[in-house]
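A.B. asks: need a 3D model of the sequence below.
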Amino acid sequence: MNWKDDDLSYTNVGGNTALSKEYLLSRGYCCGNGCLNCPFEYKNVPEPKKTLLLNERKKREKQKG
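C.D. replies: Prediction:
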């Protein structure tokens, strides 16, 4: 993980820019794009993507232990 200077985003192992949970919280709403660190349970993401993302998050959390 490579954090940018502002600590609001980072480049993940796949080379994509990910926004921090803190930044997303400060924005105040789910944008519906399926952000990796979405603190809003993907509220505005349409199905079936929403369920897929929630299941992926549960898997990641289990792996962290």
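
A.B. asks: which helix is the longest one in the chain?
C.D. replies: For the chain, the longest helix by residue count, based on DSSP state H, is helix 49-64.

A.B. asks: so which residues make contact with that one?
C.D. replies: Contacting residues not belonging to helix 49-64 are listed as 34, 38, 41-42, 45 [CB atoms under 8 Å, 6 or more residues apart in numbering]. The way it works is simple: take the backbone N, C-alpha and C, and place the C-beta from them, glycine included.

A.B. asks: what comes up buried for it?
C.D. replies: Buried residues in helix 49-64, counted by 16 or more other CB atoms under 10 Å: 50, 53.

A.B. asks: so where's this structure shaky on pLDDT?
C.D. replies: Along the chain, the model assigns pLDDT under 70 to residues 1-6.

A.B. asks: the same query, at a cut-off of 90, please.
C.D. replies: Filtered on pLDDT under 90, the chain yields the residue ranges 1-14, 16, 64-65.

A.B. asks: now the strands: where do they sit in it?
C.D. replies: 2-3, 9-11, 17-19 (DSSP state E).
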